[in-house]
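Participant: kindly return the folded structure for what I paste below:
(one chain, ligands or ions: 1)
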Amino acid sequence: MSILHSMYGQAIGDMLGEPVEGMSREEIAVQWRTVTDFISPPSITDDTMMTHLVARSVCEVGVVDRRRIAAEFLKNRVRIPRMGPTTARALSELASDPNFIPTTGTTNGAAMRAPAIAWLCPTEAVVRNTIESSLATHGDPVAIAGACAIACAVSHAINGANVRMTIRAGVCGASKVSVALASRITESVALASRVSLEDAIKTIGCGIETIEAVPAVFAIIAKYPDFKDGVLTAVNLGGDTDTIAGMVGAITGGMPDATIPSGWITACADSVGAMIEESWGCVQRLRDVTV
Ligand SMILES: [Mg+2]
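Facilitator: Modelled structure (predicted):
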């Protein structure tokens, strides 16, 4: 069940962060004091849509193939809300040249959809397949390393790792592609253990760049490994709230004994339950997982 919980965790984080995406911590505090629940009506953004499009592509083809993932994105372009700058640019290139291989793109669009690879692939195949999936739109090593960090963390969480092992797996995954990002994650977790998370985020950042958003995710889960605490903290810190809360939710939702409020599961299922069920069915077929 932990894979299914990780799926719900990702979508719920995305939905909680959606209304305040791009706002600063101060702006959120002025308008909402503290976000503690969905600001209705809850809706997903590009994060959840693209994560499940990756899953659909892998299901249809049976392997992770960057060209097929890119084709799935292109086919569903109009259904992807609030698409990020790197993805939008790459899809424009791919529309005119199916052989386009991105070499740039430092934003967090590869990391946000990386949980799909962890849901679908065995742990030992996660890094290789996350690199392949990332290359559908993102070519910069930091963006790809960020995706590997998130995918490895989700993979370990859904396989029963505790928070310390999950963070270590994320650092290890990042280091396979970018030692700089791996170091940044380690430093961010250490900083958050010494000062308040709000102060740590002033140094780490929480914007759309992978070098900010992915270390922020690990600082948050180090401090708040509980699902509800983690996603709400991510939302209230501001910045790229939907993506950071979505990644936090995918990791902490998948952890053993994670508790996701049942009202949030119901609201999420009412909105995107069919999409999650389709991916869950695919995961069961590919991994032979039984509930
Ligand atoms: Mg988004």
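
Participant: got the confidence number for the residue in the stretch 101-250 of the chain positioned nearest to the ion?
Facilitator: Nearest to the ion in the stretch 101-250 of the chain, going by C-beta to the ion, is Asp242, at a distance of 4.2 Å. From N, CA and C alone the C-beta is placed, and that goes for glycine too. We have a pLDDT of 98 for Asp242.

Participant: just give the number of residues close to it.
Facilitator: Neighbourhood size, Asp242 [other C-beta atoms under 10 Å]: 27.

Participant: distance between the helix or strand of the chain with the lowest mean pLDDT and the chain's centre?
Facilitator: The helix or strand of the chain with the poorest confidence is helix 85-96; it has a mean of 92 (mean pLDDT, DSSP states H and E). Its chain's average C-alpha position is 20 Å from that of helix 85-96, according to C-alpha atoms, centre = their mean, to the nearest Å.

Participant: same question for stretch 2-15.
Facilitator: How far stretch 2-15 lies from its chain's middle: 10 Å, per C-alpha atoms, centre = their mean.

Participant: how about it and the ion, touching?
Facilitator: No. Figure legend: stretch 2-15 not in contact with the ion (C-beta under 5 Å from the ion); closest approach 6.4 Å.

Participant: for this structure, which residue gets nearest to the ion?
Facilitator: Residue of the chain nearest the ion, by C-beta to the ion: Thr45 (3.2 Å).

Participant: got a list of what that residue touches?
Facilitator: Neighbouring residues of Thr45 by C-beta atoms under 8 Å, 6 or more residues apart in numbering: 14, 18, 21, 81-82, 242.

Participant: quick check: mean pLDDT of the lengthiest helix in the chain?
Facilitator: Counting residues, the longest helix in the chain under DSSP state H turns out to be helix 262-287. Helix 262-287 carries an average pLDDT of 95.

Participant: for that helix, buried residues please.
Facilitator: Using 16 or more other C-beta atoms under 10 Å as the test for burial, helix 262-287 gives 264-265, 267-268, 271-273, 275-276, 279-280, 282-283, 286.

Participant: what's it packed up against?
Facilitator: helix 2-17, helix 46-61, helix 115-120 (3 or more C-beta pairs under 8 Å, 6 or more residues apart in numbering; DSSP states H and E).

Participant: for Ser134, which non-adjacent residue is spatially closest?
Facilitator: Counting by C-beta to C-beta, 6 or more residues apart in numbering, Ser134 lies nearest to Ala110, which is 3.7 Å off, once chain neighbours are set aside.

Participant: which element is that neighbour on?
Facilitator: helix 109-112 (DSSP states H and E).

Participant: need the residues that contact that helix.
Facilitator: Residues from elsewhere that reach helix 109-112 (C-beta under 8 Å, 6+ apart): 46-47, 50-51, 84, 86-87, 130, 133-134, 137-138, 143-144, 146-147, 149-150, 210, 213-214, 243, 246-247.

Participant: still on that earlier bit, in JSON lines: the helices and strands packed on helix 262-287, plus mean neighbour count, distance to Leu74 and mean pLDDT.
Facilitator: Conversion of the helices and strands packed on helix 262-287 to JSON lines gives the following (neighbours: other C-beta atoms under 10 Å; distance: least, C-beta to C-beta, whole Å; pLDDT from 0 to 100):
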{"stretch": "helix 2-17", "mean neighbour count": "28", "distance to Leu74": "22", "mean pLDDT": "98"}
{"stretch": "helix 46-61", "mean neighbour count": "23", "distance to Leu74": "10", "mean pLDDT": "96"}
{"stretch": "helix 115-120", "mean neighbour count": "29", "distance to Leu74": "17", "mean pLDDT": "98"}
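
Participant: of those, which is nearest Asp199?
Facilitator: helix 2-17 (21.1 Å; C-beta to C-beta).

Participant: related to what we said a few turns ago, okay, the angle between the longest helix of the chain and helix 46-61?
Facilitator: Orientation of helix 262-287 against helix 46-61 (axes from the mean of the first three to the mean of the last three C-alpha atoms, to 10 degrees) gives an angle of 30 degrees.
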